[in-house]
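Enquirer: Just to be clear, the model below is a prediction. Sequence and coordinates:
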Amino acid sequence: MSLKVRALLVVVIGVVLGLSLSVGGGLIGDHGAPDREALDWEQARLFAEVLERVKRDYVEPVDDAVLLESAIRGMVSDLDAHSQYLDAGEYRDIRISTSGSYTGIGIEVDEVDGALQVVTPIAGSPAARSGIKAGDQIIAVDGVAIETNKLQQTVGRLRGHAGSKVTVTVLHDDVAIDHEMRRQTIRVASVHKAFLGPSYGYVRVSQFSENTARELGRAVDALQEANAGMLEGLVLDLRNNPGGVLDAAVDVSDLFLDAGVIVTADGRTLESRFARSAHRGDILDGANMVVLVNRGSASASEIVAGALQDHNRALVVGTPTFGKGLVQTVMPLSKGRAIKLTTSRYYTPSGDSIHDVGIEPDILVEDTPGFPDLTLAGVLDREADAQLAEAMAYLNPRSVMHSNAQ
């Protein structure tokens, strides 16, 4: 074994496993049971042996740093579909995506059963305009096939300079379709508002970022100011909202609740076990609410829908949601790197875990293909949107839809 590999073996044992660096002894402890420390040494030795074989016999030379980073990526990504190692660039991108903007095609993806699935195209993005739909499976980027278990690398390939072209191949209803588009600056936090009729408002949240609750509060205030008084009802549209920052979901829920638990989480560490509750103050003063959801509503969207549903604060209309009930914590490392690690399962106020299940709507209404997008059409059309029509029928059966998006 080379001196360099021996040194790496010491690093692996001493740093990764956290063992004292003493040697000697066999695999059997004092009481005849396998010695845990000795077993850890054996695993570290195996790692070093594989490392040395790859360095010596692989068809092309591989840098030590590349090998070790690949090993780290594999260690974290094998835990579940959401945990991942982030290099400095990837960590920078994830911070930007939750607080500002980034350059890409505007698509949220997740790994489902070994395939890269579209959770939702972001409203107004190149992906949305090109016709990519929630549920499509990405199979290639610029003609290069997608490799399983490489979610972050694929996301990196989808991003690039504004104006540059990219071709994304998706599988839609078992048919491969190429979508060619140009990357653009994607605005992550986006709240759109409109009147559905006198005293009835509509707000759509496309993603949860650090500023979402503040923006949503301002949007509702603006509607009420324009109405010259409190709204009689509000539709909160979370369709095709892939989620985002958990605290933003808590803050959005808190806007419409006076009291009670919003979400709880359970994990192995003290920090991963928590409960978030509402504070007094409902910005709608108890006015009726409808929350619209569909298969593209995930994570933070499901926290909001579940909290408002469990507290009988809003009627949930649409189709069952995506079903992502896991909390990821981004943990900074040295030199600008980080890991995104699944640390908790979260539960709705009723104590239900929605992971792989989703939120069941109170009224099931199937998606209308191509339901209106305020950022594109600038109008709301009840006749073309069955879910929105159902929402308005609940709020005010005699109302007439107005198309004055603001």
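Expert: That came through fine.

Enquirer: In the stretch 1-150 of the chain, where is pLDDT below threshold?
Expert: 1-39, 97, 99-100, 148-150 (pLDDT under 70).

Enquirer: So which elements touch the longest strand along the chain?
Expert: Taking DSSP state E as the criterion, the chain has its longest strand at strand 338-347. Packing partners of strand 338-347 (3 or more CB pairs under 8 Å, 6 or more residues apart in numbering; DSSP states H and E): strand 84-86, helix 88-99, strand 261-267, strand 326-332. Using the backbone N, CA and C atoms, a C-beta is placed for each residue, glycine as well.

Enquirer: Out of those, the one nearest A248 is which?
Expert: A248 lies closest, by CB to CB, to one member of the helices and strands packed on strand 338-347: helix 88-99, at 8.6 Å.

Enquirer: Can I get the closest one as CSV, trimmed to CA atoms?
Expert: Output of helix 88-99 as CSV, limited to C-alpha atoms (Å, rounded to 0.1, in the frame of the first residue of the first chain):
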residue,chain,number,x,y,z
ALA,A,88,-18.9,25.5,-3.4
GLY,A,89,-20.7,26.3,-6.7
GLU,A,90,-23.7,24.1,-5.9
TYR,A,91,-23.9,25.5,-2.4
ARG,A,92,-23.9,29.1,-3.8
ASP,A,93,-26.6,28.1,-6.3
ILE,A,94,-28.9,26.7,-3.5
ARG,A,95,-28.5,29.8,-1.5
ILE,A,96,-29.4,31.9,-4.5
SER,A,97,-32.4,29.8,-5.3
THR,A,98,-34.0,30.3,-1.9
SER,A,99,-33.3,34.0,-1.6
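
Enquirer: ok and that helix relative to strand 326-332, angle-wise?
Expert: 130 degrees (axes from the mean of the first three to the mean of the last three CA atoms, to 10 degrees).

Enquirer: Buried residues in helix 88-99, which are they?
Expert: E90, Y91, D93, I94, S97, T98 (16 or more other CB atoms under 10 Å).

Enquirer: May I see the helices and strands packed on strand 338-347 arranged in CSV, with distance to L68 as well?
Expert: Formatted as CSV, the helices and strands packed on strand 338-347 follow (distance: least, CB to CB, whole Å):
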stretch, distance to L68
strand 84-86, 11
helix 88-99, 15
strand 261-267, 28
strand 326-332, 18
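
Enquirer: Just the closest of the buried residues of helix 88-99 to D251, please.
Expert: T98 (13.7 Å).

Enquirer: ok, that closest one - contacts?
Expert: T98 sits next to V188, S209, E210, G244, V245 when contact means CB atoms under 8 Å, 6 or more residues apart in numbering.

Enquirer: out of these, which is most surrounded?
Expert: Of all the contacts of T98, the highest neighbour tally under other CB atoms under 10 Å goes to G244, namely 24 neighbours.

Enquirer: Buried residues in stretch 341-356, which are they?
Expert: L341, T342, T343, S344, R345, Y346, Y347, T348, P349, I354.

Enquirer: hang on, the earlier thing: for A249, which of the helices and strands packed on strand 338-347 is the nearest?
Expert: That would be strand 261-267 among the helices and strands packed on strand 338-347, by CB to CB, at 7.4 Å.

Enquirer: so after that closest one, what's the next helix or strand?
Expert: Moving toward the C-terminus from strand 261-267, the next helix or strand (DSSP states H and E) is strand 274-277.

Enquirer: Distance of the residue nearest to G233 when sequence neighbours are not counted relative to A44?
Expert: The shortest distance from G233 to any non-neighbouring residue, by CB to CB, 6 or more residues apart in numbering, is to L395 (3.6 Å). Going from L395 to A44 by CB to CB, to the nearest Å gives 63 Å.

Enquirer: More neighbours: which of the two?
Expert: L395 (23 against 20).

Enquirer: pretty sure the more buried one is touching L231, no?
Expert: No - using CB atoms under 8 Å as the test, L395 is too far from L231 to be in contact (9.7 Å).

Enquirer: and N312, what helix or strand is that in?
Expert: Counting by DSSP H and E, N312 is part of no helix or strand.

Enquirer: Near M331, how many other residues are there?
Expert: Neighbour tally, M331, other CB under 10 Å: 12.

Enquirer: Surely it and I339 touch.
Expert: Yes - using CB under 8 Å, M331 is in contact with I339, at 5.3 Å.

Enquirer: Surely L46 is in a strand?
Expert: No - counting by DSSP: H, G, I helix; E, B strand; the rest coil, L46 falls outside a strand, being helix.

Enquirer: how close does it get to R73?
Expert: For L46, the distance to R73 (CB to CB) stands at 18 Å.

Enquirer: Quick check: chain neighbours aside, which residue is closest to G89?
Expert: Closest to G89 by CB to CB, 6+ apart is G156, at 7.7 Å.

Enquirer: Report how many residues lie close to the one you found.
Expert: 16.

Enquirer: all numbers from here: first residue = 25
Expert: Let's use 25 as the start, then, which means that last one is G180.

Enquirer: That one and E114 touch, don't they?
Expert: Yes - G180 is in contact with E114 according to CB under 8 Å; the separation is 6.9 Å.

Enquirer: all helices for the stretch 25-174 of the chain, in order.
Expert: 27-35, 60-81, 88-101, 112-123, 150-154 (DSSP state H, counting those that start in this stretch).

Enquirer: Please identify which of those helices is closest to V314.
Expert: Using CB to CB, the nearest of the helices of the stretch 25-174 of the chain to V314 is helix 150-154, at 23.2 Å.

Enquirer: for R337, what are its contacts?
Expert: Contacts of R337 (CB under 8 Å, 6+ apart): F280, L281, M313, A331.

Enquirer: ok, so what distance separates T122 from Q352?
Expert: Noted for T122: a distance of 11 Å to Q352, by CB to CB.

Enquirer: Can you give the domain ranges for this structure?
Expert: 27-86, 125-210, 213-429 (automatic domain parsing).
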